[in-house]
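Engineer: Compute the structure for the input listed below.
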Amino acid sequence: MTISVLADLADLLAALGVISSLVFVAFEIRKSSEQARLSNWNSVLSGLREHKRRTDDPRVADLIVRGRADFEGLSEADKLAFGFWMEELIQCFDGLIVHQNSIAVSPDESRRAAVGAFAMHFSFPGCRAWYQWSGIEHRWPKHLIDAIEEGFSQARTT
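Structural biologist: Next up is the predicted model:
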């Protein structure tokens, strides 16, 4: 075997080593990306669960029931508390929109879930009244307001 043949063989082995390294790196990146999607999904779900837990306090649950029925009938303090609860609710579902390309469900399903939640909550007259009163459409990101208003238009207002 000549030195030229050995050099060609060494080049081939080096190229195979580089290719196998790239395949390994691609595999690790894919695995890491999947782990990040699962972590983002869990983070969104944790926020939603924590928000729902607020109703474990009967006083908060009562406030939400009253606020959903008649926002204008609430005291100023109750309007503040109900408004913060509503804003937190919207922020929790915003996670589905913001992370829609990087969570464990498809972007279409993620947005559908957020819009559906907005539709359900804004089917209550008090939630609709709070939205008009709050002015959030002037202070929150457009992507979120678009999703809220899409849900608002789908809300059953019976």
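
Engineer: where in the protein is pLDDT low?
Structural biologist: For the chain, applying pLDDT under 70 flags the ranges 157-158.

Engineer: now the helices for this protein?
Structural biologist: 3-53, 58-69, 76-98, 107-121, 125-134, 142-154 (DSSP state H).

Engineer: Would you mind giving those helices as TSV with mean neighbour count added?
Structural biologist: Where C-beta positions appear, they are placed from N, C-alpha and C, glycine not excepted. Shown next, in TSV, are the helices of the chain (neighbours: other Cβ atoms under 10 Å):
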stretch	mean neighbour count
helix 3-53	12
helix 58-69	15
helix 76-98	17
helix 107-121	18
helix 125-134	18
helix 142-154	16
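
Engineer: Ile3 and Gly83, how far apart?
Structural biologist: 81 Å (Cβ to Cβ, to the nearest Å).

Engineer: next one: Ala36
Structural biologist: 33 Å.

Engineer: Check Ala26 too.
Structural biologist: 48 Å.

Engineer: Between the two ends of stretch 134-149, what distance do you get?
Structural biologist: In stretch 134-149, first residue to last residue: 14 Å (Cα to Cα, to the nearest Å).

Engineer: ditto for stretch 100-115
Structural biologist: 12 Å.

Engineer: Can you give the contact residues for it?
Structural biologist: When contacts are defined by Cβ atoms under 8 Å, 6 or more residues apart in numbering, stretch 100-115 is touched by residues 36-38, 40-41, 44, 93-94, 96-97, 99, 147, 150-151, 154.

Engineer: for stretch 68-81, same thing?
Structural biologist: Contacts for stretch 68-81 (Cβ under 8 Å, 6+ apart): Val60, Leu63, Arg66, Gly67, Phe82, Phe124, Pro125, Gly126, Cys127, Ala129, Trp130, Trp133.
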